[in-house]
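> quick one, what's the 3D model for this:
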Amino acid sequence: MIIMFIALYIVVMSCNLFVMSYQMNGINRLVTGIPMSIFETAVVLYGLSPEEKPYFDKEILEDNIWDYFDCSLPRYSETYEIAISYYDLVSHAISFSDKPEATQIKITTVLDFSFCYQKTMHYEIR
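Got it, this is the predicted structure:
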């Protein structure tokens, strides 16, 4: 009888660990494999003066990122937070410029067993 309880416990734990690893690997694949076209379509290249560098259009970039994650992440987690911030390439300080050249995307979500998944990715125009 004890062996049956141990076997049942092992089966339940195996299923739970499978679900958690499925969630974690899926979210990690989404975050690290984000398509570069999301960023490329938000880069302003035309209408710049000769001394201006290309920069991200904040509105387009944030819409692209939210659309991508709102479409993909609910399969793996019901609740998640996305924080998008911009920083200066040279000093790595937070930038409040209208023409940012670098962005930081931070994904935070809670998986099964109250495991907190957090990943930050940096993207720069060089």
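> what segments of the protein are helices?
Counting by DSSP state H, the chain has helices at residues 2-32, 37-40, 58-72.
> now those helices in TSV, with distance to residue 102?
Yep, even glycine has a C-beta here, placed from its N, CA and C like the rest. Below are the helices of the chain laid out as TSV (distance: least, CB to CB, whole Å):
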stretch	distance to residue 102
helix 2-32	17
helix 37-40	11
helix 58-72	11
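> dump the ones you listed into a markdown table; add mean neighbour count, distance to residue 108 and mean pLDDT as well.
Listed next are these as a markdown table, based on neighbours: other CB atoms under 10 Å; distance: least, CB to CB, whole Å; pLDDT from 0 to 100:
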| stretch | mean neighbour count | distance to residue 108 | mean pLDDT |
| --- | --- | --- | --- |
| helix 2-32 | 12 | 10 | 91 |
| helix 37-40 | 14 | 19 | 92 |
| helix 58-72 | 15 | 12 | 94 |
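> who wins for proximity to residue 107 among the ones you listed?
Ranking those by distance to residue 107, with CB to CB as the measure, places helix 2-32 first at 5.4 Å.
> quick check: which helices or strands does the closest one pack against?
strand 102-110, strand 116-124 (3 or more CB pairs under 8 Å, 6 or more residues apart in numbering; DSSP states H and E).
> okay, the ones you listed, which one's buried deepest?
Using mean count of other CB atoms under 10 Å, the stretch among those with the greatest mean number of neighbours is strand 102-110 (a mean of 18).
> one step back: just so I know, which of the helices and strands packed on helix 2-32 lies nearest residue 39?
The nearest among the helices and strands packed on helix 2-32, by CB to CB, is strand 116-124 at 5.5 Å.
> what is that closest one packed up against?
helix 2-32, strand 102-110.
> need the CA coordinates for stretch 9-18. CSV is fine.
The C-alpha trace of stretch 9-18 is given here as CSV (Å, rounded to 0.1, in the frame of the first residue of the first chain):
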residue,chain,number,x,y,z
TYR,A,9,3.3,10.8,-5.5
ILE,A,10,6.0,10.3,-8.1
VAL,A,11,3.5,10.4,-11.0
VAL,A,12,1.9,13.6,-9.7
MET,A,13,5.3,15.3,-9.2
SER,A,14,6.5,14.2,-12.6
CYS,A,15,3.4,15.7,-14.3
ASN,A,16,3.8,19.0,-12.3
LEU,A,17,7.4,19.3,-13.1
PHE,A,18,6.7,18.6,-16.8
